[in-house]
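Chemist: Pasting the sequence and the predicted coordinates here, then a few questions.
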Amino acid sequence: MGNRLLAIDAATIACSVALFEDGALIASDYAEIGRGHAEKLIPAIAKLPDRGKADKILVNCGPGSFTGVRIGISAAKALALAWNAEIYGYSCLALVAAQARNQLDTPRPVCVAMLAGHGEYFLQNFSADGKPMAPFAALPPDQAIRQINADIIAGSAAAELAEMAGTIDHYPILPNASQISLVGDDMKKMPPQPIYGRKPDAQPAKAS
C-alpha cells in the first residue's frame, strides 16, 4: 500500500468520501442525501479499500450545515486518532470554486454562492488562479448581488443568485470529495475545526 489520503465531505446536502493512493483516486462514494449524514458517512468509508485506512485525512470544515460539518470533523478526528494519521481541513467554498474552474475552457474568476439558511448565502469570490479574493460572508440576497466579483457563479445557490443578478453563467455545484485534488495544496492545510459562518438556529436555554 502506497501513501494514502482519505477525503471526507459532509458539510452540505451531499455526502462524499474519496480514497487516494500516491495522488491517484482509487475509490469514492457520493450521494445527495439532504439529511442522514451520520448514518451514511461511516458505512461509506467502510466500503472503501482497506475500510478507508489512510496516512492523511482531509475534511470539509465548512461553511455549511452545522450538523454536517460537526459529523464530518468528528469522524475525521476519530479515524485520525485510530490510524495515527495526519488530519487537515479545507474550505467548502474553495472546493466548489475549484470544481467550477475545472469545467471552464480558460481560467476565469468564480463567485461561489452556497445556501446558508434563513434566506442567506455563503458568498466568496475566487480569482482565476483559484485564490480567494476576500474572506467569505453570509449575506442576504440584496447584499450578495453587490458582492459578486465574477461573471460566473457556482454552488448550491448559483441558479437563483445568477437569475437575480442577471449573470449568465452559473454552475449548480455541490462539493465532492473525489475532486479535492483540484484545490491547491496551500488551501488544504486548515486546522480541522468547524467554520459555521453564522450563529446556530438553536440557542441554549437561559437559566430561569
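Modeler: That came in fine, so what should we check first?

Chemist: And the contacts of stretch 135-150?
Modeler: 63, 91, 93, 108-113, 116, 119-126, 133, 161, 164-165, 167, 197-198 (Cβ atoms under 8 Å, 6 or more residues apart in numbering). Using the backbone N, CA and C atoms, a C-beta is placed for each residue, glycine as well.

Chemist: mean confidence score for that stretch?
Modeler: For stretch 135-150, mean pLDDT is 95.

Chemist: Buried residues, it. List them.
Modeler: 136-139, 141, 144-145, 147-148, 150 (16 or more other Cβ atoms under 10 Å).

Chemist: Stretch 46-64 too?
Modeler: 48, 52-54, 56-64.

Chemist: Any of the contacts of stretch 135-150 buried? List them.
Modeler: Buried subset of the contacts of stretch 135-150 (neighbour count, 16+ other Cβ under 10 Å): 63, 91, 93, 109-113, 116, 120-126, 161, 165, 167, 197.

Chemist: Could you list which of those residues belong to helices?
Modeler: Within those, residues falling in helices by DSSP state H are 93, 161, 165.

Chemist: Tabulate those residues (JSON lines), appending pLDDT and distance to A154.
Modeler: Below are those laid out as JSON lines (pLDDT from 0 to 100; distance: Cβ to Cβ, whole Å):
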{"residue": "L93", "pLDDT": "98", "distance to A154": "9"}
{"residue": "L161", "pLDDT": "93", "distance to A154": "10"}
{"residue": "A165", "pLDDT": "88", "distance to A154": "13"}
